[in-house]
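Engineer: just to be clear, the model below is a prediction. Sequence and coordinates:
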Amino acid sequence: MRRVLVGIDGSEESVSAAMWAATEAVLRDAPLWVVAASGAATSADWAMVRSVVEECRRSHPGMDVTEEVLAGFAPDALIRQSADAQLLVVGSRGRGAVAETLLGSVSRAVAERASCPVVVVPRHRTSFAFGPVVLGVAGCAEKDGAVQFAFAEAVIRQTSLLAVHVWPPILGRHQQPEPPSPSTVDKMRDDLAASLADWSTKYPAVPLAVDVRYGDPAGELSRASASAQMLVLGHRSTALGFGTVAHGTLHHADCPVAVVGETHHGEDLAFPEGRAADEPRNRGEREASS
């Protein structure tokens, strides 16, 4: 099974991302891979990585953790390593004077170019234990890789899935935008539920709800994230496309944001699609129950 890869730089945000990645690795019954990349792999870099690894092991005794320091530009190094990972986790901000724009240079770069799904963990929230998985959907979702990822995450977290479609205001040359009529919203909601029906059949343990909203897509999805464990977005040919919506959501979401592309390699989640909700989720739970 491929590892869960987390990129760190010593910032508080990256340490939070590493702790989140450790929990995710346990949920997936996968090894954790903690990587730092800098211009030169110094002894200080190794000390920083080892400190984070020890913190992960204290929180999850017995977990399989690998540590590594790579020389080079951080986004490029993480993107290369993502070929051997099932998930890449990064913090939404880093250290230094460019902290406010780091999302554009690191987190966004890996989200766009990694070979596997990428999760960006926000800096301003520390608990992700409750709430549904939220899936942002722009249109028809039958073949969307982000949909399968969202359902799988809901299974391993034993929670529900909320699929959200946002109707953006359309500005005319000489008129104010008008929200869709109630009948249009009802039809969009029915169409969204129909597009997810086959996926819901594949994942019967996941309660599914659909929601159609009107407004700024990034803002509405960010608001939906306030009560979510995870927000899942597609990119390029998938649900939302990686553009202003996804970028804005990555900046403002209150929960980890998973970016899933159709070019990403398949999931390595080692459980049946319809696994019972009370089935042990990882090696530790199975050993405890035996």
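Structural biologist: Received it, and whenever you're ready, just let me know what you need.
Engineer: can you give me the helices for the stretch 101-250 of the chain?
Structural biologist: 102, 108-113, 145-157, 182-195, 197-202, 217-225, 244-252 (DSSP state H, counting those that start in this stretch).
Engineer: just give me the lowest mean pLDDT stretch among these.
Structural biologist: Between the helices of the stretch 101-250 of the chain, the lowest average pLDDT goes to helix 102, which shows a mean of 36.
Engineer: domain-wise, how is the protein divided?
Structural biologist: Per the record, the chain has its domains at 3-121, 133-261, by automatic domain parsing.
Engineer: endpoints of the last one, how far apart?
Structural biologist: End-to-end distance for domain 133-261: 18 Å, by C-alpha to C-alpha, to the nearest Å.
Engineer: how far out from the middle of the chain is it?
Structural biologist: On the basis of C-alpha atoms, centre = their mean, to the nearest Å, domain 133-261 sits 13 Å off its chain's mean C-alpha point.
Engineer: show me where pLDDT drops low in this protein?
Structural biologist: Within the chain, the stretches with pLDDT under 70 are 1, 93-108, 124-129, 139-143, 171-176, 236-244, 263-290.
Engineer: pick out the residue nearest the middle of it.
Structural biologist: Note on the chain: the residue nearest the mean C-alpha position is Ala258, at 1.9 Å, using C-alpha atoms, centre = their mean.
Engineer: so that one: helix, strand or coil?
Structural biologist: strand (DSSP: H, G, I helix; E, B strand; the rest coil).
Engineer: who does it form a beta bridge with?
Structural biologist: When bridges are called by DSSP bridges, Ala258 pairs up with Val119, Val232.
Engineer: check contacts around Pro179.
Structural biologist: 167, 169, 214 (C-beta atoms under 8 Å, 6 or more residues apart in numbering). For every residue, glycine as well, the C-beta is placed using N, CA and C.
Engineer: which of the residues you listed count as buried?
Structural biologist: Neighbour-count burial (16 or more other C-beta atoms under 10 Å) applied to the contacts of Pro179 gives Trp167.
Engineer: can you give me the strands in this structure?
Structural biologist: Using DSSP state E, the strands of the chain run over 3-8, 32-38, 65-71, 85-91, 118-121, 133-136, 161-167, 208-214, 230-235, 257-261.
Engineer: in JSON lines: the ones you listed, plus distance to Ala197.
Structural biologist: Formatted as JSON lines, the strands of the chain follow (distance: least, C-beta to C-beta, whole Å):
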{"stretch": "strand 3-8", "distance to Ala197": "31"}
{"stretch": "strand 32-38", "distance to Ala197": "36"}
{"stretch": "strand 65-71", "distance to Ala197": "40"}
{"stretch": "strand 85-91", "distance to Ala197": "27"}
{"stretch": "strand 118-121", "distance to Ala197": "27"}
{"stretch": "strand 133-136", "distance to Ala197": "14"}
{"stretch": "strand 161-167", "distance to Ala197": "11"}
{"stretch": "strand 208-214", "distance to Ala197": "9"}
{"stretch": "strand 230-235", "distance to Ala197": "18"}
{"stretch": "strand 257-261", "distance to Ala197": "20"}
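Engineer: out of the ones you listed, which comes closest to Arg57?
Structural biologist: strand 65-71 (6.1 Å; C-beta to C-beta).
Engineer: which residues touch that closest one?
Structural biologist: 3, 22, 31-42, 45-46, 49-50, 53, 56-57, 77, 81.
Engineer: redo that, cut-off 7 Å
Structural biologist: For strand 65-71, the external contacting residues (C-beta atoms under 7 Å, 6 or more residues apart in numbering) are 3, 31-41, 45-46, 49-50, 53, 56-57, 77.
Engineer: one step back: and Leu27, which of the helices of the stretch 101-250 of the chain is closest to it?
Structural biologist: The nearest among these, by C-beta to C-beta, is helix 145-157 at 4.6 Å.
Engineer: now that closest one - C-alpha only, CSV.
Structural biologist: Extracted as CSV, the C-alpha positions of helix 145-157 are listed here (Å, rounded to 0.1, in the frame of the first residue of the first chain):
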residue,chain,number,x,y,z
GLY,A,145,-12.8,10.8,-9.2
ALA,A,146,-13.6,13.3,-6.5
VAL,A,147,-16.9,11.6,-5.9
GLN,A,148,-15.4,8.2,-5.2
PHE,A,149,-12.7,9.9,-2.9
ALA,A,150,-15.5,11.7,-1.0
PHE,A,151,-17.5,8.5,-0.5
ALA,A,152,-14.4,6.6,0.6
GLU,A,153,-13.5,9.2,3.1
ALA,A,154,-17.0,9.2,4.5
VAL,A,155,-16.7,5.4,4.9
ILE,A,156,-13.4,5.4,6.8
ARG,A,157,-14.7,8.3,9.0
